[in-house]
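Asker: below is the sequence, then the predicted model.
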Amino acid sequence: MDGVTTTGVRAHARIAARADGRGGTLLPVLDGAGPLALRRVRSTGAEARVMVVGAMSGPLGGDRLALSASVAEGARLHVGSAAATIALPGQTGDEARYDVRLDVAEGAELHWLPEQLISAGGSDLYVTTRAELAAGAGLVLREEQVLGRAGEEPGRLTSRLTVRVAGRTVLDQELSCGPGAPGGWDGPAVLAGHRAVGQLVVVRPEFAERPVQAQALGECAVLIPLAGPAALVSAVAPDALRLRGLLDEARSLLAA
Amino acid sequence: MSRAALLVLADGRFPAGGHAHSGGAEAAVRAGRITDAAHLEDFCRGRLHTAGLVAGALAAAAVLGVDVRELDAAADARTPSPALRTAARRLGRQLLRAARASWPASELDALAREFPKGAHQPVVLGLAARAAGLGPDDAAYCAAYESVSGPATATVRLLSLDPFDATGVLARLAPAMDSVADRAVAAARRAAAEGVDALPAASGPLLEVGAEWHAAWPVRLFAS
Amino acid sequence: MHLDHTHSGPAAVSADAHRPDGARRALRIGLGGPVGSGKTATVAALCRALRDELSLAVVTNDIYTREDAAFLLREAVLPPERITAVETGACPHTAIRDDISANLEAVEDLEDEVGPLDLILVESGGDNLTATFSKGLVDAQIFVIDVAGGDDIPRKGGPGVTTADLLVVNKTDLAPYVGSDLTRMAADAKAQRAELPVVFQSLRTEDGVADVAAWVRERLAAWTV
């Protein structure tokens, strides 16, 4: 149920895309909710483009936000966001949750390329992203987390990213950082003082036969084949700008 | 059940190949991120709460009888670095050899048949603990301890760190190991009831990045 | 000796003389000794001497590199798929004696991938005089010292010198230059080793490895009967 309660906002935004049968993509469902407003934007070719526009600030402590996108057989959907998402402290000090669910059918393709998620000082957010792909589906997914606004201590942020292809989990990773996170999160095994961390996941059926070659992209990023038809770029950087540079370089390597 | 079997399994001299692996410490030392005992402690704490927690939960779940193929696939999904997947399978194969000699069990023979090139080490560790008559908490403790004892021993060799300082680090981490073992067992029980998605997936980005960097070196002391 | 028995199921745990399919496995000979005594050169010479008559492979245990394996590859003494390097975490003696699991996997994988094999040479990284191979890993071991390392090494003894199945005193051609007394070395070795054989060799001479190769052939004949 959507709405504002005493403890925070409950909102679930939904996108559904399907092929129009003439080489294009229709959006039969485009329902924004709460702070997650959705706009269709101009696109070229077969894909539909959607922009997530922040209609109010958040997520704030206590909020329960969800965003689902499903892409039916043969459709192509590109989702971006107009600006970075900033997790902020709420009135109550409760944890906020933001759950993203992505479903991609056979022969469909999703580009999920939102702007950064910034964990502002005092915030507490648990974000999950779960992509469920059919065999023969394609995905380009980018996630970037930034610890604190400029010169600010970060809030508490836990982020779990799960990618499943044909019923098999090919990637399941959780990163927990900020005050109150399990010890060592800013040490040499996890972030070592870096304030931006990101992943780029590319799923392509042909990777099953021809996986990418593992390669280091500088000292703090790596391109690796996952156990399945997928590649991952994992990177840490001092700030959001340099992180984006690393992930863009990796995207061009993968022609994604 | 013999509690002392835990000491045999957790002994650093148990011949299961661990001595040739640094648990990411060699890469962190080369990158200049570990230069003294304080950095080592920070590194170990981070590894314990990420790779150590995941390994502990996988091992405990194996003791509880969760399907080993599902656990092995869950370990793959939680280990994006192919260099670390290879190291985990190699160590799993070596551990299985030692476990089969120490605690002969048809379950271990079946695992060797099913994974001739090795299953992920924590999964093997769980079945080895089971064959030794140990419980899920024992297996989780063993995995948690291994996640920090390997890097500590390796750093003594890499930096000529005072071995008393390195052992002091391990002693200070004991309460954190208790808490990680508890969380690992709780997660394993959830996985036994709900499936392997309930297992923790905590990760350290620099462990993954460093493992690939390390694997590409022509000259190194440790295999991982 | 070893009784014949058949296996069904997974790979053997340790020093079993048979492969999982019941066939006799390759003879494994270890070569140990101090740094620079000529282990890798002896392995290379043995490969050249034996490769036309035997199916053989090599496992190296380097200290911190794959340099010994790289040397053998460069010298092309065997095809590359017959040479495997085991990484030892800075402790070759651990990998050949205390925790042999990585080496056992390496020898088994060689037999699986390029077998059937008659002989596998397992070379240790250069270590000290106490480093010996586990009986769970090798069937016989050769300890290689050289005259330039000091002619008192046989007298000092140590597990390698006293218990190895064959002691090789290498680089005899250097003896006049480093002031080593070969007669004294032979007498000391005899005192330490009783009836165990000792070979003095120089790989600079034509067929310098012939005595060691002959000893390997004898071991192999005993292994395969």
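Answerer: Cool, the structure landed.

Asker: what residues does the stretch 51-200 of chain A put near chain B?
Answerer: Contact residues of the stretch 51-200 of chain A with respect to chain B, defined by C-beta under 8 Å from any C-beta of the partner chain, are listed as A:160, A:162, A:168-176, A:182-192, A:197. All C-beta atoms are positioned from the backbone trio N, CA, C, and that covers glycine.

Asker: can I have the buried ones of the residues you listed as a ChimeraX selection?
Answerer: One line in ChimeraX is enough to select the buried ones among these; burial here means 16 or more other C-beta atoms under 10 Å in any protein chain shown:
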select /A:160,162,169,170,171,172,173,174,175,176,182,183,184,185,186,187,188,189,190,191,192,197
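
Asker: so which of the residues of the stretch 51-200 of chain A next to chain B sit within strands?
Answerer: With strands defined by DSSP state E, the entries of those inside them are A:160, A:162, A:168-176, A:197.

Asker: in JSON lines: those, plus pLDDT and distance to A:Pro28.
Answerer: Putting those into JSON lines (pLDDT from 0 to 100; distance: C-beta to C-beta, whole Å) gives the following:
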{"residue": "A:Arg160", "pLDDT": "98", "distance to A:Pro28": "29"}
{"residue": "A:Thr162", "pLDDT": "98", "distance to A:Pro28": "26"}
{"residue": "A:Arg168", "pLDDT": "95", "distance to A:Pro28": "29"}
{"residue": "A:Thr169", "pLDDT": "97", "distance to A:Pro28": "29"}
{"residue": "A:Val170", "pLDDT": "97", "distance to A:Pro28": "29"}
{"residue": "A:Leu171", "pLDDT": "98", "distance to A:Pro28": "29"}
{"residue": "A:Asp172", "pLDDT": "98", "distance to A:Pro28": "31"}
{"residue": "A:Gln173", "pLDDT": "98", "distance to A:Pro28": "33"}
{"residue": "A:Glu174", "pLDDT": "98", "distance to A:Pro28": "33"}
{"residue": "A:Leu175", "pLDDT": "98", "distance to A:Pro28": "35"}
{"residue": "A:Ser176", "pLDDT": "97", "distance to A:Pro28": "37"}
{"residue": "A:Val197", "pLDDT": "98", "distance to A:Pro28": "36"}
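
Asker: what's the closest of those to chain C?
Answerer: A:Arg168 (25.9 Å; C-beta to the nearest C-beta).

Asker: look up the closest residue to the closest one, ignoring the ones flanking it.
Answerer: Excluding the flanking residues, the one nearest A:Arg168 by C-beta to C-beta, 6 or more residues apart in numbering or on different chains is A:Gly228, at 6.2 Å.

Asker: count of neighbours near that neighbour?
Answerer: Neighbour count of A:Gly228, defined by other C-beta atoms under 10 Å in any protein chain shown: 22.

Asker: swap in C:Lys171?
Answerer: C:Lys171: 25 surrounding residues under other C-beta under 10 Å.

Asker: what sits against it?
Answerer: For C:Lys171, the residues meeting the contact criterion (C-beta atoms under 8 Å, 6 or more residues apart in numbering or on different chains) are C:37-38, C:146-148, C:202-203.

Asker: those residues: which ones sit near chain B?
Answerer: Judged by C-beta under 8 Å from any C-beta, the overlap between these and the neighbourhood of chain B is nil.

Asker: for A:Ala75, grab phi and psi.
Answerer: A:Ala75 adopts backbone torsions of phi -90, psi 160, taken as degrees, to the nearest 10.

Asker: helix, strand or coil for the residue nearest to A:Arg168?
Answerer: When the structure is split into helix, strand and coil by DSSP: H, G, I helix; E, B strand; the rest coil, A:Gly228 lands in coil.

Asker: before we move on, what SS does the residue of chain B at minimum distance from chain A have?
Answerer: Across chain B, the shortest distance to chain A (C-beta to the nearest C-beta) belongs to B:Gly46, at 2.8 Å. When classified by three-state DSSP, B:Gly46 comes out as helix.

Asker: wait, it touches B:Gly204, no?
Answerer: Yes. B:Gly46 sits in contact with B:Gly204 when judged by C-beta atoms under 8 Å, with a separation of 5.5 Å.

Asker: higher neighbour count, the two?
Answerer: Set B:Gly46 next to B:Gly204 and count neighbours by other C-beta under 10 Å: B:Gly46 wins out with 29 against 25.

Asker: wait, does the helix ranked longest in chain B contact chain C?
Answerer: Secondary structure assigned by DSSP state H gives helix B:136-159 as the longest helix of chain B. Yes. For helix B:136-159, a contact with chain C is found by C-beta under 8 Å from any C-beta, at B:154, B:157.

Asker: quick check: mean pLDDT of that helix?
Answerer: Here helix B:136-159 scores 97 as its mean pLDDT.

Asker: next secondary structure after that helix?
Answerer: Scanning forward in sequence from helix B:136-159, with DSSP states H and E defining helices and strands, the next element found is helix B:163-172.

Asker: counting neighbours, which bits of that following helix end up buried?
Answerer: B:165-166, B:169-170.

Asker: write out the residues of chain B neighbouring chain C.
Answerer: Counting by C-beta under 8 Å from any C-beta, chain B comes close to chain C at B:13, B:15-22, B:90, B:93-95, B:97-98, B:100-101, B:109, B:112-113, B:116, B:154, B:157, B:218-223.

Asker: just for the chain, where's the confidence low?
Answerer: Since no chain was named, I'll use chain A. With pLDDT under 70 as the threshold, chain A has low-confidence stretches at A:1-6, A:55-56.

Asker: the chain in question should be chain C.
Answerer: Scanning chain C for pLDDT under 70 picks out C:1-15, C:63-65.

Asker: would you map the strands across it?
Answerer: Using DSSP E, strands in chain C cover C:27-32, C:56-62, C:83-87, C:119-123, C:140-146, C:166-170, C:198-200.

Asker: and the closest residue in space to A:Gly138 that isn't next to it in sequence, how close does it get to chain B?
Answerer: Sequence neighbours aside, A:Glu109 is the residue nearest to A:Gly138 in space, at 3.8 Å (criterion: C-beta to C-beta, 6+ apart). Shown here: A:Glu109 relative to chain B, a distance of 22 Å by C-beta to the nearest C-beta, to the nearest Å.
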